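Novice: Provided below for reference: sequence and predicted model.
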Amino acid sequence: MKIRDLSVHHLRIPLVTPFRTSFGTSHTKETFLVRLETDDAVGWAECGAEEDPLYSSEYLEGAEWVIRTQLAPRLLALGDALTAGAVRDALEPVKGHRMAKHVVETALLDAELRAADMSFGRYLGATRTRVPSGVSVGIMDSIPELLGHVRDYLDQGYLRIKLKIEPGWDIEPVRAVREEFGDDILLQVDANTAYTLRDARHLARLDDFDLLLIEQPLPEDDMRGHAELQKLITTPVCLDESIESARDAATAIAMGATQVINIKPSRVGGYLEARRIHDIAEANGIPVWCGGMLECGVGRAANLALAALPNFVLPGDTSASSRYFAEDITAPFELEDGHLAVPTGPGIGIDPLPDALAEFTVATTAIDLR
Ligand code: OSB
Ligand code: MG
């Protein structure tokens, strides 16, 4: 496969509500799309990196630089031997930068699958036509404000609530949500690395609330700490930031550092690696669910296909477009009976809408193919 044209489209899309985590607050979705044209098709993919390196060490400007100077030349050097399946080995000399690798591999895979008239879901091995939706709820200024948002999401039909937590906003919001909405709602928390092992006794207080899991309580490089923490709390530990590869997943499972895994294709370098993690977890009896990076419709479409694989047994952070944006870059994904439909068209199964693309694009750069 020959790349005819490769470009980066920077987007800025307003969020319907600010999103606050233990590492910062977002008011807009900043990302870029990669558009990749071959002789047979056009592929699209969305970068998972954020503007600043706060969730992980990657950030948008850096990812673009890596794609332009490191990844694109290596892929072009493959000539006709370039396929999505060849990307991993070709890019292996470049350390890390998984979100940059993810977006180019995914754009290539999209172009390839569109040319083959095959959907992402079919290619990855999806076994369902729709996936259950959860929602990730940011840190708020007050408990009443939080309860208002949670009530609204439950009224819309979301099947699971995830509360972002940090020191000072953990036990009380969880208690308030349980008291207000009862013991039957599926509830979990995400700390985005805000604690240390010294907080184990405090975090054990969450054990009273029958949470599905606690996501990434400790720093991303503290695999051992998570294994130690799990011995001190009964709430299942679920790793997000710590799992960057299938090897990380195997290590975490073997160490007892994770009982559940949040799989984000962007964080792990692409859908092929994401599927390996799914398979390793399944073989070890570890359930997985699909995380998110507040993606617009382009990233969401492919995530839904992945989330339809059999070991995605918990509702994911794959919410409807309206949870994030008044206007999405694609036709909106809508909640039906608490679920989102898995796209069935070729490739990711959806295209950016020209008008929305024009409205939200703040810069476009061509990648030199010479
Ligand atoms: O830790 O899962 C996370 C968003 C940005 C960065 C990190 C995370 C998140 C979310 C939002 O929780 C999930 C979503 O709705 O896309
Ligand atoms: Mg997380």
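Specialist: That came in fine, so what should we check first? Ligands and ions are numbered 1, 2, ... in the order given.

Novice: ramachandran angles for the residue sitting nearest the centre point of the chain?
Specialist: Closest to where the C-alpha atoms of the chain average out (CA atoms, centre = their mean) is residue 292, at 2.7 Å. Recorded main-chain torsions at residue 292 are phi -150, psi 170, according to degrees, to the nearest 10.

Novice: which residues of the stretch 151-300 of the chain lie near ligand 1?
Specialist: Residues of the stretch 151-300 of the chain lying near ligand 1 by CB under 6 Å from any ligand atom: 190, 192, 240, 291, 292, 293, 294. Quick note: C-beta positions are derived from backbone N, CA and C, even for glycine.

Novice: residues near the residue nearest to the fifth one when sequence neighbours are not counted, how many?
Specialist: When the adjacent residues along the chain are set aside, residue 292 lies closest to residue 317, with 4.0 Å between them (CB to CB, 6 or more residues apart in numbering). Using other CB atoms under 10 Å as the criterion, residue 317 is surrounded by 25 other residues.

Novice: quick one, what contacts residue 317?
Specialist: Counting by CB atoms under 8 Å, 6 or more residues apart in numbering, residue 317 makes contact with 134, 135, 136, 162, 289, 290, 291, 292.

Novice: what residues does this structure have near ligand 2?
Specialist: Counting by CB under 5 Å from the ion, the chain comes close to ligand 2 at 190, 215, 240.

Novice: give me that answer again for 8 Å
Specialist: Counting by CB under 8 Å from the ion, the chain comes close to ligand 2 at 136, 190, 192, 215, 216, 240, 241, 262, 291, 317.

Novice: so which of those is the closest to residue 234?
Specialist: Among the residues of the chain next to ligand 2, residue 215 lies closest to residue 234 (CB to CB), at 15.6 Å.

Novice: what bridges to that closest one?
Specialist: Residue 215 has these beta-bridge partners by DSSP bridges: residue 190, residue 238.

Novice: ok, it touching residue 191?
Specialist: Yes - with contact defined as CB atoms under 8 Å, residue 215 and residue 191 form a contacting pair (6.7 Å).

Novice: buried residues in the helix or strand harbouring residue 228?
Specialist: Using DSSP states H and E, residue 228 sits in helix 223-232. Neighbour-count burial for helix 223-232 flags 223, 225, 226, 227, 228, 229, 230 (criterion: 16 or more other CB atoms under 10 Å).

Novice: excluding chain neighbours, what is closest to the last one?
Specialist: Among residues not flanking residue 230 along the chain, residue 237 sits closest, at 4.8 Å (CB to CB, 6+ apart).

Novice: I'd say the one you found and residue 259 touch.
Specialist: Yes - at 6.0 Å, residue 237 counts as touching residue 259 under the criterion of CB under 8 Å.

Novice: top strand in this structure by residue count?
Specialist: When the chain is parsed with DSSP state E, its longest strand is strand 3-21.

Novice: please enumerate the strands of the stretch 151-300 of the chain.
Specialist: 160-164, 186-190, 214-215, 237-239, 260-263, 288-290 (DSSP state E, counting those that start in this stretch).
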